[in-house]
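Chemist: Fold the following, please.
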Amino acid sequence: MNAKLFSILIPVYNERAFVERLVHKVLEAPLPEGLERELVIVDDGSTDGTAEKIDELQAANPEKVRVFHQPKNLGKGAAIIRAIEEMRGDVAIFQDADLEYDPGDYIRLLEPILSGRADVVYGSRFASASSRRVLNYHHELGNRLLTFVSNITTGLNLTDMETCYKVFRADILRTIPIRSLRFGIEPEITAKVAKRKCVVYEVPISYYGRDYTEGKKIGWRDGVEALFVISKYWMLDDCFSERYGQYVLESLSATRRFSSWMVDTIEPFFGQRILEVGSGIANISRLLPKRERLTLSDRDPEYLRLLEQAFGEQDTVDVRKLDLDSDEDFANLSRQYDTVVCLNVLEHVEQDAAALRRLVGALEPGGRLILLVPQHEFLMSEMDRSLGHHRRYTREAVDSLLREAGLDVEHLQNFNGLAILGWWLNAKVMGSTKLSKVQLKLYDSLVPMLSKIEPLLPLPGISIVAVGRKRI
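Modeler: Sure thing, here's the model as predicted:
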């Protein structure tokens, strides 16, 4: 990874006795050659003179120390959220403002990310380290218990989920929404890192823990909160910030049964060389057949990174940037594929006819375009617009678009008819702009039954599946 700036995010609350020494240690800690540092210090409403002290430290080190003040004490999580908003670096680490953690471990923590092997690195207090202060056994037992419960729900095998030292590629950290304002940030961000399928490494660190007489602030109530947070984000797939969350919501990434149903519906039309347009976070891509060639594509750099991470080592899968509005992106794809898959994408494109022509250009003569788009103009609502939809389609409009793009319409099918009522109630009657993740989870649990009922009923379908064959 070609990183140039290392952001050290330091939430501070009533740490006047330690913060000056900590800042000096952070400023003096060795870093890999060529990597600069910035300290992003957020005072969380301190009342003991800490705010004035860190202002002095900023004045003494204006090129490296940046200080921000919260209006009142909001919690560690809130201070880190602010620090993430203000950071400028390519890599970031969480650093407590006391002296429990040693900045001398930075080089060890950074190595897996800078070498390109990891997206996230956890510093473990319980793995083998050079030194560790012996402290309260019950506190360590609580940490190990929370780590165990977190691992059960995330599938990770961490030894220290509650560690302060967490290092991130900054592009990932900026796109993870953080909701916990206190110490629940640790299990929350761990759950979201796991659901994002990030590559996580763990390295041993030194630890010089404080006891409560020395100012330690975390207590048993925070342990109870952590258990609640672990349970919450085990159930909810809230792992992308709002910009990405809308895509995740619309693509129904949490509804694995629904995704399987969609792929099963179009499976008879797949060829050997498949291009998927708008692959996103790969919820559909993972279900597509890996035949002679499978190309996954998106226009968003974050999605492309996720796709490379997930499929980069598979010989029959490649990933490329494709923007449906760009002739340049399609310039080298002429007649390369016998199948193009475009599911829940075309409605996002303002010039849909031009986009279809680009897709058809990537097909060999006789190749198939498989399209899925939302149906029924009367259902168009603020929910559609909040998801970036320019339109909903009619069967006649889809048929006409395919023919004008140079395709013979081979198949038109209504899909997911029983969802119309739910969409109408939410979007048109209640005026909602999004479906909750709980609603999506509930719907997904009904898919096995709905997929059996639908072939028996002549329902109009909330979506249209269309298959067009390129004229020879």
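
Chemist: Could you confirm Leu402 falls within a strand?
Modeler: No - under DSSP: H, G, I helix; E, B strand; the rest coil, Leu402 sits outside any strand and is assigned helix.

Chemist: Please name the nearest non-neighbouring residue to it.
Modeler: Gly468 (4.0 Å; Cβ to Cβ, 6 or more residues apart in numbering). Backbone N, C-alpha and C define where each C-beta goes, glycine included.

Chemist: Helix, strand, or coil at that neighbour?
Modeler: Assignment for Gly468 (three-state DSSP): strand.

Chemist: For Arg403, see how far away it is.
Modeler: 8 Å (Cβ to Cβ, to the nearest Å).

Chemist: try Ile230
Modeler: Ile230 is 53 Å from Arg403, by Cβ to Cβ.

Chemist: In the sheet, which strands lie alongside the strand ranked longest in the chain, parallel or antiparallel?
Modeler: Counting by DSSP state E, the longest strand found in the chain is strand 363-374. Paired neighbours of strand 363-374 in the sheet (DSSP bridges): strand 337-343 (parallel), strand 463-470 (antiparallel).

Chemist: which neighbours do Gly468 and Arg403 share?
Modeler: Common neighbours of Gly468 and Arg403, counting by Cβ atoms under 8 Å, 6 or more residues apart in numbering, are Val409.

Chemist: Look up the pLDDT of Glu20 for me, please.
Modeler: Predicted confidence (pLDDT) at Glu20: the value is 95.

Chemist: okay but it is in contact with Asp55, surely?
Modeler: No - look at Glu20 against Asp55 with Cβ atoms under 8 Å: they stay out of range, at 11.8 Å.

Chemist: sorry, back to before: while we're on the residue nearest to Leu402, how confident is the model there?
Modeler: 97.

Chemist: likewise Asp338?
Modeler: For Asp338, the predicted pLDDT is 96.

Chemist: just to revisit the earlier point, can I get the strands paired with strand 363-374 in JSON lines with distance to Arg320 and mean neighbour count?
Modeler: Shown next, in JSON lines, are those (distance: least, Cβ to Cβ, whole Å; neighbours: other Cβ atoms under 10 Å):
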{"stretch": "strand 337-343", "distance to Arg320": "12", "mean neighbour count": "24"}
{"stretch": "strand 463-470", "distance to Arg320": "21", "mean neighbour count": "23"}
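
Chemist: Let's have those in CSV, adding distance to Leu9.
Modeler: Listed next are these as CSV, based on distance: least, Cβ to Cβ, whole Å:
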stretch, distance to Leu9
strand 337-343, 38
strand 463-470, 43
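
Chemist: who wins for proximity to Val193 among those strands?
Modeler: Taking Cβ to Cβ, strand 337-343 is the member of those nearest to Val193, at 27.1 Å.

Chemist: Quick check: mean pLDDT of the next helix-or-strand element following that closest one?
Modeler: Next in sequence after strand 337-343, counting helices and strands by DSSP states H and E, comes helix 352-361. Mean pLDDT, computed over helix 352-361, is 96.

Chemist: What is helix 352-361 packed up against?
Modeler: When contacts are defined as 3 or more Cβ pairs under 8 Å, 6 or more residues apart in numbering; DSSP states H and E, helix 352-361 packs onto strand 337-343, strand 363-374, helix 395-404.

Chemist: give me that answer again for 10 Å
Modeler: If you count contacts as 3 or more Cβ pairs under 10 Å, 6 or more residues apart in numbering; DSSP states H and E, helix 352-361 packs onto strand 273-277, strand 337-343, strand 363-374, helix 395-404, strand 407-415, strand 463-470.

Chemist: what is the mean pLDDT for the helix or strand that comes right after the first one?
Modeler: Read it as strand 273-277. Note on strand 273-277: by DSSP H and E, the next helix or strand toward the C-terminus is strand 293-298. Strand 293-298 carries an average pLDDT of 95.

Chemist: Check which residues of strand 293-298 are buried.
Modeler: Within strand 293-298, the residues that qualify as buried are 293-298, counting by 16 or more other Cβ atoms under 10 Å.

Chemist: Please name the strands paired to it in the sheet, noting orientation.
Modeler: strand 273-277 (parallel), strand 317-321 (parallel).

Chemist: How far does that strand sit from its chain's centre?
Modeler: 20 Å (Cα atoms, centre = their mean, to the nearest Å).

Chemist: just the helices in the stretch 151-300 of the chain please.
Modeler: Ranges of helices in the stretch 151-300 of the chain, per DSSP state H, counting those that start in this stretch, are 170-173, 185-195, 220-235, 242-250, 256-266.

Chemist: same deal with the stretch 1-150 of the chain?
Modeler: 19-28, 50-60, 76-86, 106-114, 137-154.

Chemist: Of the strands paired with strand 293-298, which is nearest Phe378?
Modeler: Of all the strands paired with strand 293-298, strand 273-277 sits nearest to Phe378, with 27.4 Å by Cβ to Cβ.

Chemist: for the closest one, the distance to its chain's centre please.
Modeler: 23 Å.

Chemist: what does stretch 296-304 give?
Modeler: On Cα atoms, centre = their mean, the centre of stretch 296-304 falls 13 Å from the chain's centre.

Chemist: just stretch 324-338 next, same as before
Modeler: Using Cα atoms, centre = their mean, the offset of stretch 324-338 from its chain centre is 28 Å.

Chemist: Can you give me the end-to-end span of that stretch?
Modeler: 18 Å (Cα to Cα, to the nearest Å).

Chemist: Okay, buried residues for it please.
Modeler: 324, 329-330, 333, 336-338.

Chemist: closest to Leu99 among these?
Modeler: Asp329 (51.7 Å).
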